[in-house]
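A.B. asks: structure for this input, please:
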Amino acid sequence: MSHLLIVDDDVEVLDLLQKFLCQQGYEVDVARDGKALWQALERRVPDLVILDVMLPGDSGLVLCQRLLAEHKVAVIMLTAMGELSDRVVGLELGADDYLTKPFAARELLARVRAVLRRAGEATNGAAGHACAILEFAGWRLDVVRRELRSPDNVMIPLSNGEFELLLVFAEHPRRVLSRQQLLDMARGDAYDAYDRSIDVQVSRLRRKLETDHGHEPLIRTLRNAGYLFTPTVAKR
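C.D. replies: Just a heads-up that it's a prediction; the model follows:
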């Protein structure tokens, strides 16, 4: 049974979502602010945190940054309608997904299942590929440890979403992948082609990978087609 923690200052929302997600087979705790969040984490670290951006005291974005710095946990951000900047910042901080209010409980359920499935597949995939190292342009991606090292052997931190996206690219080098294909392979079928978060994560990967501007970019954008991972990849 997966353990969820919902952080929102709206009591009605908390009650509704807790009851609904418990009915779907999850163990669910709730918190109304940052203080309650840290108290809950002291008792037990959940598998996934559903975190509202608009909270009293520290905002959800501030809490997300500290949360991901201190714990290995998946995060879904809840943002207000039209607040694109909050969604982008949340993804920049390493959140796995976001959902815009108001939303249907069934839509949140689909996102929760997709995020937890990706986390489970990553763990199972690592166990089944105990020697999987993907090397490209001097970089090393360790599938088991979920680590990325630069050509000068510096560890590059990756969020869960960034790792999954880079893994898709490295497993399909020199192949044009549409936004929808990337969403399907990296994030699951709870998303559609109008979800722009994949573009944010591609941008983040580029900033981390393309430190030498004198070389060919590792990820190219092909207008009206998608993205292309340009280097040759070797599996060790």
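A.B. asks: and the residue nearest in space to the middle of the chain, how far is that from residue 163?
C.D. replies: By C-alpha atoms, centre = their mean, the mean C-alpha position of the chain lies nearest to residue 96, the distance being 2.3 Å. In this view, residue 96 and residue 163 are 11 Å apart by C-beta to C-beta, to the nearest Å. Every residue, glycine included, has its C-beta placed from N, CA and C.
A.B. asks: how about residue 183?
C.D. replies: Distance, residue 183 to residue 163, by C-beta to C-beta: 16 Å.
A.B. asks: check residue 154 too.
C.D. replies: With distances defined as C-beta to C-beta, the gap from residue 154 to residue 163 amounts to 16 Å.
A.B. asks: same thing with residue 65?
C.D. replies: According to C-beta to C-beta, residue 65 and residue 163 sit 18 Å apart.
A.B. asks: ok, residue 154 and residue 163, which is more surrounded?
C.D. replies: When neighbours are counted by other C-beta atoms under 10 Å, residue 163 comes out ahead of the other of residue 154 and residue 163, with 20 against 9.
A.B. asks: just to be sure, the more buried one is in a strand?
C.D. replies: No. With the criterion set as DSSP: H, G, I helix; E, B strand; the rest coil, the secondary structure at residue 163 is helix rather than a strand.
A.B. asks: ramachandran angles for residue 149?
C.D. replies: For residue 149, the backbone dihedrals (degrees, to the nearest 10) come out as phi -120, psi 140.
A.B. asks: measure it to residue 134 for me?
C.D. replies: Residue 149 sits 11 Å away from residue 134 when distances are taken as C-beta to C-beta.
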